[in-house]
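Engineer: my questions are about this predicted structure, shown below with the sequence.
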Amino acid sequence: MAERRKTYPNDDITVIWKPDVCIHSTKCWKASLAIFNPKRRPWIDVSAGTTEQIIKIVDNCPSGALSYERNNKMNEHKAQPQQTQTTVQVSKGGPYLVKGKFVFVGTDGKEETKEGSIALCRCGSSNNKPFCDGTHRKIGFDQG
């Protein structure tokens, strides 16, 4: 199945949002409600901030759902800087945040090399397993 992607371009960059891997951490809209407003459609307005502001916010996306491409080079930049080591962080009451370069093996045995960030469900209630979809907040998952 193809990964859903929505794009939001300005002159310098195109912001990419992958809704199926978004954990709705709220970091983007808390950083700038003018640029990222979940009550507005479309919810991303790249004309509401500078390219540098947008990149800084996108770089703080914990799940990797937000990334960007430079329009002049068309090289996608992941939400986190490249790392030489893979890290797995347990977020309090939330998902496992995996950052780095790693091989992801699906239930069908298909291997896929990933680089950047993904958020893996820890509560067992995600409707997008193995990825987190933010359901842990709805069910009151409180594991530290």
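Structural biologist: Great, that's in hand. Numbering: from 1, shown residues only.

Engineer: just give the number of residues close to Gly106.
Structural biologist: 9 (other Cβ atoms under 10 Å). C-beta coordinates here come from the backbone N, C-alpha and C atoms, glycine included.

Engineer: same check, this time on Ser47
Structural biologist: Neighbour number of Ser47 under other Cβ under 10 Å is 9.

Engineer: for it, which three-state class applies?
Structural biologist: Three-state assignment for Ser47 (DSSP: H, G, I helix; E, B strand; the rest coil): helix.

Engineer: can you show me the helices along this structure?
Structural biologist: 27-31, 51-59, 135-139 (DSSP state H).

Engineer: would you mark the buried spots in the last one?
Structural biologist: Put plainly, it is helix 135-139. Thr135, His136 (16 or more other Cβ atoms under 10 Å).

Engineer: what is that helix packed up against?
Structural biologist: Where contact means 3 or more Cβ pairs under 8 Å, 6 or more residues apart in numbering; DSSP states H and E, helix 135-139 is not packed against any helix or strand.

Engineer: kindly report the same for the first one.
Structural biologist: Helices and strands touching helix 27-31, by 3+ Cβ pairs under 8 Å, 6+ apart, are helix 51-59.

Engineer: so which elements touch the helix it packs on?
Structural biologist: Counting by 3+ Cβ pairs under 8 Å, 6+ apart, helix 51-59 packs on strand 13-17, helix 27-31, strand 66-70.

Engineer: mind doing that once more with 10 Å?
Structural biologist: strand 13-17, helix 27-31, strand 66-70, strand 76-77 (3 or more Cβ pairs under 10 Å, 6 or more residues apart in numbering; DSSP states H and E).

Engineer: off-centre distance for that helix?
Structural biologist: Helix 51-59 has its C-alpha centroid displaced from the chain centroid by 13 Å (Cα atoms, centre = their mean, to the nearest Å).
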